[in-house]
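1. Return atomic coordinates for the entry below.
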Amino acid sequence: MPVEPTPRRRRLGAELRRIREALGWTQEEAASRLGYQSLSTVSKIENGLQRLRIQQLPHFFEVFGITDATLREELRDLVRRAGEADWWQRYEGVVDDPLGDYLSQVENANGLFVFNPLAVHGLLQTPEYAHAVTEGSRVWKIPQDIDRFVALRLEHQRTMSESRPPLKIWTVLPEGMLRQEVGGRACMRAQIEHLMHVARTSPEVTIQVLPFSAGAHAGMDGPFMIMSFSTGRDLVCIESLRASLHVNKPETVELYRTASDLLKSDALSPNASQKLLTTIAKDLS
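-> The predicted structure is shown next:
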């Protein structure tokens, strides 16, 4: 029976598809080896449309030759959590499917590289800054919806701060964005001081500032994020006002990986970035 293709079910299916393709098997051959009468069963599993039970996994491990302990546990976790309520179910009317998909993907990731010339990433925002960004976007028009979306953002922050092992975040922040007085000078100063505190106290977070003097750079095409996972392919996320594009084709991911390396190279070192952040905070006094 078809089920809700949640992000975890889709990721489970994508991992099984990747393993099948690496073995050089068609869906029909995989179905035969697994004992299914039709290849449509394999197709539904790979597209997140059919439930897998934890008791079925040992059979998949044996047939697919999955011996890596880390990969086995990753697949078990995806099966265990496949039916959990996702973000758009918990915040109906505030979160649509693309955003809910993105939030769930972040929960499954173990590392993020973030470049956004428009705003500080949501996981690093203060409540006041988050409110100012949400209000300024004009996506939400009434105060209650703005408050609910900010509540969602802060809940997601708390969820990720409690994840173990902790999510690693590496972000490159353009100087111009940091000098934009979002929410007013006091709000922006507090946001920058928060970034400085996080960089000093959280070993899993790396913050670099891309100074004005860097000139043209590898992020000129716009914001992007690379999600890394303990197993499987990395994922590039490209966001706009009302859409979110997720790409995991190796050649595309490699292009963005190169762009991230160039941005890290052009940006100030983490220590030098702290000094510039201190200067900007003083300028906002």
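2. Could you use CA atoms for every contact and neighbour count after this?
-> Noted.
3. tell me which element the residue nearest to Lys282 when sequence neighbours are not counted falls in.
-> Nearest in space to Lys282, with sequence neighbours left out and distances taken as C-alpha to C-alpha, 6 or more residues apart in numbering, is Arg189 at 8.0 Å. With elements delineated by DSSP states H and E, Arg189 resides in helix 185-201, which encompasses its position.
4. just checking, next helix/strand downstream of that helix?
-> Defined by DSSP H and E, the subsequent element after helix 185-201 is strand 205-210.
5. Which strands border that next one, and is each parallel or antiparallel?
-> Strand pairing for strand 205-210, determined by DSSP bridges: strand 168-174 (parallel).
6. distance between whatever helix or strand comes next after the partner strand and the chain's centre?
-> Going down the chain from strand 168-174, the next helix or strand is helix 175-179, by DSSP H and E. Per C-alpha atoms, centre = their mean, to the nearest Å, the displacement of helix 175-179 from the mean C-alpha position of its chain is 23 Å.
7. swap in stretch 21-31?
-> Per C-alpha atoms, centre = their mean, the centroid offset for stretch 21-31 relative to its chain is 30 Å.
8. I'd like the mean pLDDT over that stretch, please.
-> For stretch 21-31, the mean pLDDT works out to 90.
9. can you check stretch 213-226 too?
-> For stretch 213-226, mean pLDDT rounds to 94.
10. Make 735 the first number, not 1, from now on.
-> Let's use 735 as the start, then, which means that last one is stretch 947-960.
11. buried set for it?
-> Gly953, Pro957, Phe958, Met959, Ile960 (16 or more other C-alpha atoms under 10 Å).
12. ditto for stretch 794-803
-> Within stretch 794-803, the residues that qualify as buried are Phe798, counting by 16+ other C-alpha under 10 Å.
13. Between the two ends of that stretch, what distance do you get?
-> Using C-alpha to C-alpha, to the nearest Å, the gap from the first to the last residue of stretch 794-803 comes to 14 Å.
14. Can you tell me what sits against it?
-> Stretch 794-803 is contacted from outside by Ile753, Arg754, Leu757, Arg767, Leu768, Arg806, using C-alpha atoms under 8 Å, 6 or more residues apart in numbering.
15. for these, which one is nearest Thr992?
-> Minimum distance to Thr992 across those is 25.9 Å, recorded for Ile753 (C-alpha to C-alpha).
16. I'd like the distance between the residue nearest to the closest one when sequence neighbours are not counted and Ile779.
-> Distance criterion C-alpha to C-alpha, 6+ apart; nearest residue to Ile753, sequence neighbours excluded, is Phe798 at 7.3 Å. When distance is defined by C-alpha to C-alpha, Phe798 is 14 Å away from Ile779.
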